[in-house]
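Asker: What follows is a predicted structure for the sequence shown.
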Amino acid sequence: MEKYYISTAIAYTSAKPHIGNTYEVILADSIARYKRLKGFDVYFQTGTDEHGEKIAQKAEQAGVTPQEYVDDIHEEIKNIWDLMNTSYDKFVRTTDLNHVKVVQKIFKKLYEKGDIYKGKYEGLYCTPCEAFITESQLIDGKCPDCGRDVQLASEEAYFFKLSKYQKQLEDYIESHPDFIQPESRKNEMINNFLKPGLQDLCVSRTSFDWGIKVDFDPKHVVYVWLDALTNYITNIGYSVDNSTDEFKKYWPADLQLVGKDIIRFHTLYWPIFLMALDLPLPKQVFGHPWLLFGANNEKMSKSRGNVIYADDLAKDFGVDAIRYYVLHEIPFSNDGTITYDLLIERINSDLVNILGNLVNRTISMVKKYFDSSITNKGKFSEYDQDLINYINELDSKVEKRMDKLEIGASLDEIFNVLRRSNKYIDETMPWVLAKDEVKKAELESVLYNLLEAIRVCGILLKPYLPETSDSILKQINSDDVSLVYNDANVYSVCDPFILFYRIDKDKKLKELEENKKVS
Ligand code: MSP
């Protein structure tokens, strides 16, 4: 079985994650589930990034120790990932003892090798991002990543010789066109960072101590990004002297999904750390766009009062409706938007009208006209072959989209078949056929073809809408997993039940307003 290692960024345990952070894990989950469906031996890793000054400050404000603080938020994050039905194989924490020990050994190895050296750092520092920023990177005098003020800072520190690997990295990026995706992000990295030249990176801090101690110089803690990035290898058994079989099997990762704001860390620093450790680089780092809030496309932030959380959304609309919305609405390379208005419209138009109605109408007719049991009675009209073609082409269409990580477009392909099926009902008019005893076989074939469309779509929906997929397959009561039209199934369907309820938009918006969820 071919292996497939997919990871997400590990979330900061500084605060409860909003729907934007959650999007990344749902996205990764849909890919992991898809690869499993396609027979890959998938390893899906996610987790929490628990060290750093910002987290220590938050703990102090909350009057608890940093460890207590991260234990709490870690639990909250994991619960949200679980609630959203993400099928990770491992949820990692950077405070795990094994991770801490391996990071210390990596630091020492790189120091002994001469890639890390001791010096003094003076520069502009962004505390929320835990990053020193150069003058040229500032945007309007502020941090280019978070837009906040930076401070002058000076400290004795260890540095990593990024410049030593610059050429090797440039060659690698050039000879591996898929390494950084999408293309626009790659160009951004080359033009904004590689062309001006990489400066050596400060990889230790002495100004706070909530981090992994440099074991041979314990007043230093390891720079949080060196600590965090290595999670991708420490947790599958990397060791500087004797890595595990799991590591040998799964590394290099096939896909590392990260948000566009942290692509720099993953496509410049991370590959260079790996080169210094003589390890192969991930096959692809994909910088996904962001989910923004409201009609004005704002960044979600507590201070703006526009943060929405996945657990609240799930309570109001259901897990699969939220998964559908974020997977469908966030395009491949541009930012997406979430508003309650758009969300309700999508649910009503796609999940209720197109998907839910098709399944419900079809199963209800099978029950009504054939006492729930049907088989195929052959072809009767030109519409049959067209629908069958749609069904048979779906698997490869979805695969092409998924190979390019165009998740929203994959869902569109499935919904095109569902739409085609609804049109087939209008064309064949089963309720008319039902009035004519002579047309009984034709009616049975029509419903059979519809069940086949629902079956194949139901299976292919699993990566995106896992619970809905299970409900569909349960209702049609089929264990045929083939992704093509099968003319020899014997259907005995269960009683129909509603997959998605229509939402009264005005009423719901008013209700959300009263509960202060609409800002
Ligand atoms: N801890 C670092 C990552 C270290 S990886 C070795 C971090 N954490 S984070 O909690 O701030 O972000 C986690 C992920 O969520 C990042 O990939 C980030 O880009 C993503 N997102 C944060 N806000 C987002 C949206 N509004 N929309 C989509 N993704 C967003 O960065």
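Answerer: Yep, that arrived.

Asker: With residue 21 as the reference, measure out to the closest residue to the ligand within the stretch 201-350 of the chain.
Answerer: Residue of the stretch 201-350 of the chain nearest the ligand, by CB to the nearest ligand atom: residue 259 (1.6 Å). No exception for glycine: its C-beta is placed from N, CA and C like everyone else's. Here residue 259 is placed at a distance of 8 Å from residue 21 (CB to CB, to the nearest Å).

Asker: which of the two has more neighbours?
Answerer: In terms of neighbours (other CB atoms under 10 Å), residue 21 is the more surrounded of residue 259 and residue 21; the figures are 22 against 18.

Asker: List the buried residues for the host helix or strand of residue 450?
Answerer: Assigned by DSSP states H and E, residue 450 belongs to helix 440-461. Within helix 440-461, the residues scored as buried using 16 or more other CB atoms under 10 Å are 442-461.

Asker: from these, which are also near the ligand?
Answerer: Checked against the ligand using CB under 6 Å from any ligand atom, the buried residues of helix 440-461 give no members in range.

Asker: ok, residue 378 touching residue 448?
Answerer: No. Using CB atoms under 8 Å, residue 378 makes no contact with residue 448, being 9.6 Å away.

Asker: can you map out the helices along the stretch 251-400 of the chain?
Answerer: For the stretch 251-400 of the chain, the helices defined by DSSP state H, counting those that start in this stretch occupy 263-264, 270-276, 310-317, 319-329, 340-346, 357-370, 382-403.

Asker: Is there contact, residue-wise, from the fourth one to the ligand?
Answerer: When you say that, I think you mean helix 319-329. No. Shown here: helix 319-329 not in contact with the ligand (CB under 6 Å from any ligand atom), separated by at least 8.7 Å.

Asker: Show me which residues of that helix are buried.
Answerer: 319-329.

Asker: Show me the contact partners of it.
Answerer: The contact list for helix 319-329, computed with CB atoms under 8 Å, 6 or more residues apart in numbering, reads 19, 22-23, 26-27, 30, 83-85, 291, 310, 313-314, 336-338, 342-343, 346-347, 350-351, 407-408, 411-412, 464-468, 500.

Asker: now stretch 218-226: how far from the chain's centre is it?
Answerer: Put simply, stretch 218-226 sits 28 Å off its chain's centre (CA atoms, centre = their mean, to the nearest Å).

Asker: for stretch 305-324, same thing?
Answerer: 15 Å.

Asker: Then stretch 79-86?
Answerer: Offset of stretch 79-86 from its chain centre (CA atoms, centre = their mean): 12 Å.

Asker: can I get the CA coordinates of that stretch in CSV?
Answerer: What follows is stretch 79-86, C-alpha atoms only, in CSV (Å, rounded to 0.1, in the frame of the first residue of the first chain):
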residue,chain,number,x,y,z
ASN,A,79,-12.4,18.8,21.3
ILE,A,80,-13.1,21.1,18.4
TRP,A,81,-11.1,19.0,16.0
ASP,A,82,-13.0,15.9,17.3
LEU,A,83,-16.4,17.7,17.1
MET,A,84,-15.7,18.5,13.5
ASN,A,85,-15.1,14.8,12.8
THR,A,86,-11.4,15.1,11.8
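
Asker: separation between the closest residue to the ligand within the stretch 1-150 of the chain and residue 270?
Answerer: Evaluated by CB to the nearest ligand atom, the stretch 1-150 of the chain has residue 20 as its residue closest to the ligand, separated by 2.3 Å. Here residue 20 is placed at a distance of 22 Å from residue 270 (CB to CB).

Asker: again, but for residue 259
Answerer: Per CB to CB, residue 259 is found 14 Å from residue 270.

Asker: now residue 1
Answerer: Distance of residue 1 to residue 270, computed by CB to CB: 27 Å.

Asker: So which of those two has more stuff around it?
Answerer: Shown here are residue 1 and residue 270; by other CB under 10 Å, residue 270 has more neighbours (23 against 7).

Asker: And the residue of the stretch 351-500 of the chain closest to the ligand?
Answerer: Scanning the stretch 351-500 of the chain for the residue nearest the ligand gives residue 407, at 13.2 Å (criterion: CB to the nearest ligand atom).

Asker: tell me the contacts of that residue?
Answerer: Contacts of residue 407 (CB under 8 Å, 6+ apart): 27, 30-31, 327-328, 332, 401, 464.

Asker: mind redoing it with 10 Å?
Answerer: Residue 407 makes contact with 26-27, 30-31, 34, 288, 326-328, 330-332, 401, 463-464, according to CB atoms under 10 Å, 6 or more residues apart in numbering.

Asker: Could you do residue 292 as well?
Answerer: 20, 298-300, 306, 330, 335-339.

Asker: quick one: it and residue 299, what's the gap?
Answerer: Separation of residue 292 from residue 299 (CB to CB): 6 Å.

Asker: Mind listing the shared neighbours of the two?
Answerer: Common neighbours of residue 292 and residue 299 (CB under 10 Å, 6+ apart) are 20, 306, 335.

Asker: The last one: neighbouring residues, count only.
Answerer: Residue 335: 15 surrounding residues under other CB under 10 Å.

Asker: Just want the phi and psi numbers for it.
Answerer: Taking degrees, to the nearest 10, you get phi -60, psi 150 for the backbone angles of residue 335.

Asker: Was I right to think it contacts residue 291?
Answerer: Yes. Counting by CB atoms under 10 Å, residue 335 touches residue 291, with 7.1 Å between them.

Asker: Mind listing the shared neighbours of these two?
Answerer: With CB under 10 Å, 6+ apart, residue 335 and residue 291 have common neighbours 20, 297, 299.

Asker: Please pick the buried ones from those.
Answerer: Of these, these count as buried by 16+ other CB under 10 Å: residue 20.

Asker: mind putting the shared contacts of residue 335 and residue 291 in a markdown table, distance to residue 234 and pLDDT included?
Answerer: As requested, the shared contacts of residue 335 and residue 291 are exported to a markdown table (distance: CB to CB, whole Å; pLDDT from 0 to 100):
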| residue | distance to residue 234 | pLDDT |
| --- | --- | --- |
| 20 | 27 | 92 |
| 297 | 37 | 84 |
| 299 | 31 | 88 |
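
Asker: and which of the shared contacts of residue 335 and residue 291 is nearest residue 163?
Answerer: Proximity of the shared contacts of residue 335 and residue 291 to residue 163 (CB to CB) peaks at residue 299, which lies at 33.0 Å.

Asker: Count the neighbours of residue 379 for me.
Answerer: With other CB under 10 Å as criterion, residue 379 counts 14.

Asker: Revised request: answer the last question for residue 409.
Answerer: Other residues lying near residue 409 total 17 when counted by other CB under 10 Å.

Asker: mind checking how far residue 46 is from residue 319?
Answerer: 17 Å.

Asker: Same question for residue 39.
Answerer: From residue 39 to residue 319 the distance is 26 Å (CB to CB).

Asker: repeat for residue 37
Answerer: Relative to residue 319, and taking CB to CB, residue 37 is found at 19 Å.

Asker: helix or strand right after the worst-scoring helix or strand of the chain on mean pLDDT?
Answerer: Sorting the helices and strands of the chain by mean pLDDT, DSSP states H and E puts strand 131-133 at the bottom, at a mean of 81. Using DSSP H and E, the helix or strand that follows strand 131-133 in sequence is strand 151-160.

Asker: Buried residues, the following helix or strand past that following strand. List them.
Answerer: Of the helices and strands lying after strand 151-160 in sequence (DSSP H and E), the nearest is helix 162-175. The neighbour-count check on helix 162-175 (16+ other CB under 10 Å) flags 162, 165-166, 169, 173 as buried.

Asker: so can I have TSV of the residues you listed showing distance to the ligand and pLDDT?
Answerer: Below are those laid out as TSV (distance: CB to the nearest ligand atom, whole Å; pLDDT from 0 to 100):
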residue	distance to the ligand	pLDDT
162	17	95
165	19	97
166	21	96
169	18	97
173	19	97
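
Asker: Which pair of those spans the longest distance?
Answerer: Going by CB to CB, the pair spanning the buried residues of helix 162-175 furthest: 162 and 173, at 14.3 Å.

Asker: and the closest residue to residue 139 other than its chain neighbours, what is it in contact with?
Answerer: Excluding the flanking residues, the one nearest residue 139 by CB to CB, 6 or more residues apart in numbering is residue 147, at 7.3 Å. By CB under 10 Å, 6+ apart, residue 147 lies in contact with 126, 128, 139-140, 299.
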